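Chemist: Using only what follows, build the 3D model:
(chains A and B)
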There are 2 protein chains.
Amino acid sequence: MTNTNPARGMRDFLPSDVRKRDFVIGVIKDVYEKYGFEPLETPSIENLDTLTNKYGDEGNQLMFKILKRGEKLQQELAEGKIRDENQLSDLALRYDLTVPLARVVANYRNDLPRFFKRYQIQPVWRADRPAKGRYREFYQCDVDSIGSTSLVIEAEQIGAVCEVLERLGFDDFEVRINHRQVLTGLLEVAGIDEDKYSDALVAIDKLDKIGVDGVIRELEGRGISASGVSPILEFAEDDADTDLTLSVLESLVSESETGSEGARDLKDLVDLFENGSGTRIKVDPTLARGLSYYTGAIFEVRVPDLAGSLGGGGRYDGLIGMFGKEDVPACGFSLGLERILVVMEEREMFPSDLPSSSADVMVTIWNDESVLESLKLAGELRSAGHRVLVYPQADKLGKQFKYADQIGVPLVCVLGDSEVEEGTVSVKNMKTGEQTPVERSRIVDAVKGIS
Amino acid sequence: MTNTNPARGMRDFLPSDVRKRDFVIGVIKDVYEKYGFEPLETPSIENLDTLTNKYGDEGNQLMFKILKRGEKLQQELAEGKIRDENQLSDLALRYDLTVPLARVVANYRNDLPRFFKRYQIQPVWRADRPAKGRYREFYQCDVDSIGSTSLVIEAEQIGAVCEVLERLGFDDFEVRINHRQVLTGLLEVAGIDEDKYSDALVAIDKLDKIGVDGVIRELEGRGISASGVSPILEFAEDDADTDLTLSVLESLVSESETGSEGARDLKDLVDLFENGSGTRIKVDPTLARGLSYYTGAIFEVRVPDLAGSLGGGGRYDGLIGMFGKEDVPACGFSLGLERILVVMEEREMFPSDLPSSSADVMVTIWNDESVLESLKLAGELRSAGHRVLVYPQADKLGKQFKYADQIGVPLVCVLGDSEVEEGTVSVKNMKTGEQTPVERSRIVDAVKGIS
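Modeler: Residues are numbered from 1 along each chain as shown, chains lettered A, B, ... in the order given. Below is the predicted model:
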């Protein structure tokens, strides 16, 4: 017999799962729109050329590629003419939402406004080894702003993400921010070779997990002298307040032009959060973020009880232009839907009024002759705005009540022989068990009153 | 330079496209929920085994298959060990939403209610030749009811689909219905060989397009005697009313037990639409629908200005059980999102208040020093529920107005030096061009009043 589980790393979402996902997506969408981001959707499938070599070696390996179609392929295979994977595929599933955005910006330049702020909430696919919380199909909830280098962009994106998390009920998240130019400045001043920057950043980014000694060991293991970097590591571990951190960073990179520029930028950004949301912001001098394409401010949202981040992003002024002729400044923030859901599930953060069923009322079916009466009643209740389930067939009333109870419908309208005769409907409250006769002509108002 | 178009048969949806799609999906979802259907989502990728041989030869060929991953594949290729397509793929993109539903029903039997009514609005993928209105990624909007053979199921699904289309503004659609058992009865009585039934149905289904003579020619071309079928073809072309059609069908199949059962079922179904929605229903004795798995009532929604249908469905009591041990009765209706959108676009049916921008208000940026003031104003407006765009950078006011106009924001709040000094905000109505100074402390209410 066929295996009926979803494919490896894939998930089915039963109704209660979908409701939770839709609730979170709804809040994210609503807040993103409140910040003036506009919706964009791109196809799941992209030309392989569009995606290849945009995510490094790992990305190339983790991409789901689509087999070419047609008789020619089968013939060439049979003849032994195909000796390389590259001959087999011309399409792939998107790996993220950023490269497709870059393609869209290049392709519709004339249809898009000068500053394009878009949000995109869609699945992406990665053939990663499945693990707890890591799936092969998962949703990214991205905002990106194209066309301006102004820090207003960063401030607004961070503001939007904070509002999303607050509206979902998170009260202990932190937005860590740092700046790629400051990191470059630190490495420059520490006298590290430019071709080792990326290795050094990977090591520094791990401070949280492996501590100062761990980072130093890793740096040395990669042939990088740690002496110039250890002051910032030790300082970072002290978890100083934002003002002190900014001034220490400023002085540490004062010999580097790039670094000083970055430190000024970082300070200006922090100043845009003077009050309120400012309490969420924390400058983290060792935050580096994996992707190599960042060029300015970088950010990451964390909560204490999750090892990874809920999301992150930053400025990447080089990437969006890759499909066009000129560079286009850009900055983006991506929230991971699955990560948010995992924490909300563990903390039981979903609102208690999230519906457990799609129906407010169930209408019973007494016998084959009364089906039309029941359908008419359902129609009237629907016209009045209620979500109404009709029990599908004539059955014992007890069975019908049991079913209503099982799927969580709060009210049942019973329309039996005696009710039809008397011109009434019995309304049963499934919570209290109470059953009240209501005049047929008053039923719509009565249900409105109870539900 | 890389090609920046979407891949063949795929589409990008810019903001105005997404808003139209979301509007239609929102109505469909809302109505489906009003009828008590619950949301289900399944993964885009299924095990190839799950999908193979479920859609006939054509389906097998049009499926997007996913290339196996890893070094083993590359090595086997290089060694010339792979001579057949089947060695290359273990996964595929879903081809419809019905087979995944069947898998889900088998897999979660104990978690699902006895009668499971689900809706599912998700994309499916077919490597079909792209044509006008035919894409390789497109959305299906399905309702299916599992677990009951009662005609209440059919009646409720047809009711839901009618309400969707009415709410979208369609006033000229028709739900054609027929019954597989009636068709079988007709073929039985006409003395056609059972192994020719499926060929015969394909021909009969074309009556609309090729007329009686065309169908007869096609039947004869397939070696099927047309004499027994021509009476029903000629009758069908007359477009008689429902009562007459039902009684003619009843008498034509009276010699067939299967046919008579179907005719009774069809009549009982029509009786459930006595009034109101009944005017949408039309019994079409030559409606056959392509898929071989239907077992009872079949339906199709049509509008005069579209060659194909907006959607269709029917009862298929054998399919859902295919992954389990026993048969499970089921009936489903699928609306094609793209078809609906094409007609709505051509007829300009979208509501005029569909937003053209994600923002109600834009806040200007006067200079680098006033950024914080502008962000604060935006924050207050957002707290009051407005959707607010902040112009991303300090710029000439004229440029900022031009941008607001271009993206369709109706109101602009200007916060310049003089305004900050005077404690005011100038509110510009982009439609009238009128600009009104408003006290800073009253701005939130003022915007609420205007927008």
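
Chemist: How many neighbouring residues does whatever residue of the stretch 1-150 of chain A ends up closest to chain B have?
Modeler: Closest approach between the stretch 1-150 of chain A and chain B, counting by Cβ to the nearest Cβ: residue A:36, at 3.1 Å. The way it works is simple: take the backbone N, C-alpha and C, and place the C-beta from them, glycine included. When neighbours are defined as other Cβ atoms under 10 Å in any protein chain shown, residue A:36 has 30 of them.

Chemist: Leaving out chain neighbours, which residue sits closest to it?
Modeler: residue B:389 (3.1 Å; Cβ to Cβ, 6 or more residues apart in numbering or on different chains).

Chemist: okay but the one you found is in contact with residue A:115, surely?
Modeler: No. Applying Cβ atoms under 8 Å, one finds residue B:389 not in contact with residue A:115, separated by 9.1 Å.

Chemist: Of these two, give the one with the bigger neighbour count.
Modeler: The residue with more neighbours, out of residue B:389 and residue A:115, is residue B:389; 26 against 20, by other Cβ under 10 Å.

Chemist: got the domain boundaries for chain A?
Modeler: A:183-280, A:361-450 (automatic domain parsing).

Chemist: Could you pull up phi and psi at the residue of the stretch 251-400 of chain A found nearest chain B?
Modeler: Closest to chain B within the stretch 251-400 of chain A is residue A:389: 3.0 Å, counting by Cβ to the nearest Cβ. For residue A:389, the backbone dihedrals are phi -100, psi 130 (criterion: degrees, to the nearest 10).

Chemist: May I have the beta-bridge partners of it?
Modeler: With DSSP bridges as the criterion, residue A:389 is bridged to residue A:362.

Chemist: List the residues that contact it.
Modeler: A:357, A:358, A:359, A:361, A:362, A:363, A:407, A:409, B:35, B:36, B:117 (Cβ atoms under 8 Å, 6 or more residues apart in numbering or on different chains).

Chemist: likewise residue A:24?
Modeler: Counting by Cβ under 8 Å, 6+ apart, residue A:24 makes contact with A:168, A:337, A:340, A:341, A:344.

Chemist: Shouldn't the last one be within a helix?
Modeler: Pointing back at residue A:344 there. Yes. With DSSP: H, G, I helix; E, B strand; the rest coil as the criterion, residue A:344 is part of a helix.

Chemist: how many neighbours does it have?
Modeler: Count around residue A:344 with other Cβ under 10 Å applied: 17.

Chemist: Surely it and residue A:354 touch.
Modeler: No. The pair residue A:344 and residue A:354 fails to qualify as a contact (Cβ under 8 Å) at a distance of 11.0 Å.

Chemist: all strands for the stretch 351-451 of chain A, in order.
Modeler: A:361-363, A:388-390, A:411-414, A:424-429, A:435-439 (DSSP state E, counting those that start in this stretch).

Chemist: okay if I get those strands as JSON lines plus mean pLDDT?
Modeler: Output for the strands of the stretch 351-451 of chain A, formatted as JSON lines (pLDDT from 0 to 100):
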{"stretch": "strand A:361-363", "mean pLDDT": "97"}
{"stretch": "strand A:388-390", "mean pLDDT": "96"}
{"stretch": "strand A:411-414", "mean pLDDT": "96"}
{"stretch": "strand A:424-429", "mean pLDDT": "95"}
{"stretch": "strand A:435-439", "mean pLDDT": "94"}
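
Chemist: would you turn the ones you listed into TSV with distance to residue B:73?
Modeler: Shown next, in TSV, are the strands of the stretch 351-451 of chain A (distance: least, Cβ to Cβ, whole Å):
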stretch	distance to residue B:73
strand A:361-363	52
strand A:388-390	49
strand A:411-414	57
strand A:424-429	60
strand A:435-439	65
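
Chemist: among those, which is nearest residue B:186?
Modeler: Shortest distance between residue B:186 and the strands of the stretch 351-451 of chain A, using Cβ to Cβ, is found for strand A:388-390: 31.8 Å.

Chemist: Distance from that closest one to the middle of the chain?
Modeler: 34 Å (Cα atoms, centre = their mean, to the nearest Å).

Chemist: Equivalent analysis for stretch A:233-247, please.
Modeler: Worked out by Cα atoms, centre = their mean, stretch A:233-247 lies 30 Å from the chain centre.

Chemist: what comes up buried for that stretch?
Modeler: Under the neighbour-count criterion of 16 or more other Cβ atoms under 10 Å in any protein chain shown, stretch A:233-247 has A:233, A:235, A:236, A:242, A:245, A:246 buried.

Chemist: what residues does the stretch 101-250 of chain A put near chain B?
Modeler: The stretch 101-250 of chain A has residues A:103-104, A:106-108, A:111-115, A:117-118, A:123, A:125, A:127, A:136-137, A:145, A:147-153, A:155-156, A:159, A:163 near chain B, with proximity defined as Cβ under 8 Å from any Cβ of the partner chain.

Chemist: do the same with the stretch 301-450 of chain A
Modeler: So far as Cβ under 8 Å from any Cβ goes, the stretch 301-450 of chain A lies against chain B at A:323-324, A:357-359, A:362, A:365, A:371-372, A:374-375, A:378-379, A:382, A:386-394, A:403, A:406-407.

Chemist: Quick check: the two most widely separated of the buried residues of stretch A:233-247?
Modeler: Across the buried residues of stretch A:233-247, the longest distance by Cβ to Cβ is 18.3 Å; it joins A:233 and A:242.

Chemist: Quick check: ChimeraX command selecting the buried ones in the residues of the stretch 301-450 of chain A next to chain B.
Modeler: Buried residues among these (16+ other Cβ under 10 Å), as a ChimeraX selection:
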select /A:323,324,357,358,359,362,365,371,372,374,375,378,379,382,386,387,388,389,390,391,392,393,394,403,407
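
Chemist: Could you tell me which of the residues of the stretch 301-450 of chain A next to chain B are located in helices?
Modeler: The helices, defined by DSSP state H, take in A:371, A:372, A:374, A:375, A:378, A:379, A:382, A:403, A:406, A:407 from these.

Chemist: and the two most separated of those?
Modeler: Farthest pair in these, by Cβ to Cβ: A:372 and A:406, 26.2 Å.

Chemist: Could you save the buried residues of stretch A:233-247 as TSV and add columns showing pLDDT and distance to residue A:443?
Modeler: TSV is the format used below for the buried residues of stretch A:233-247 (pLDDT from 0 to 100; distance: Cβ to Cβ, whole Å):
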residue	pLDDT	distance to residue A:443
A:233	90	72
A:235	89	71
A:236	88	67
A:242	90	62
A:245	94	66
A:246	94	67
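
Chemist: Could you dump those into a markdown table and include secondary structure?
Modeler: Below are those laid out as a markdown table (three-state DSSP):
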| residue | secondary structure |
| --- | --- |
| A:233 | helix |
| A:235 | helix |
| A:236 | helix |
| A:242 | helix |
| A:245 | helix |
| A:246 | helix |
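
Chemist: Which one of these is nearest to residue B:182?
Modeler: residue A:242 (76.5 Å).

Chemist: Surely the closest one is in contact with residue A:282?
Modeler: Yes. The criterion here is Cβ under 8 Å, and residue A:242 meets it with residue A:282 at 6.6 Å.

Chemist: Which residues are in contact with each of the two?
Modeler: When Cβ under 8 Å, 6+ apart defines a contact, no residue borders residue A:242 and residue A:282 alike.

Chemist: Helices of the stretch 1-150 of chain A, start to end?
Modeler: A:15-34, A:48-51, A:56-62, A:71-78, A:98-107 (DSSP state H, counting those that start in this stretch).

Chemist: list the helices and strands the last one packs on?
Modeler: Meaning helix A:98-107. strand A:45-47, helix A:48-51, strand A:116-125, strand A:137-146 (3 or more Cβ pairs under 8 Å, 6 or more residues apart in numbering or on different chains; DSSP states H and E).

Chemist: Now do it, average pLDDT.
Modeler: Mean pLDDT, helix A:98-107: 95.

Chemist: List the buried residues of that helix.
Modeler: Across helix A:98-107, burial judged by 16+ other Cβ under 10 Å covers A:98, A:99, A:100, A:101, A:102, A:103, A:104, A:105, A:106, A:107.
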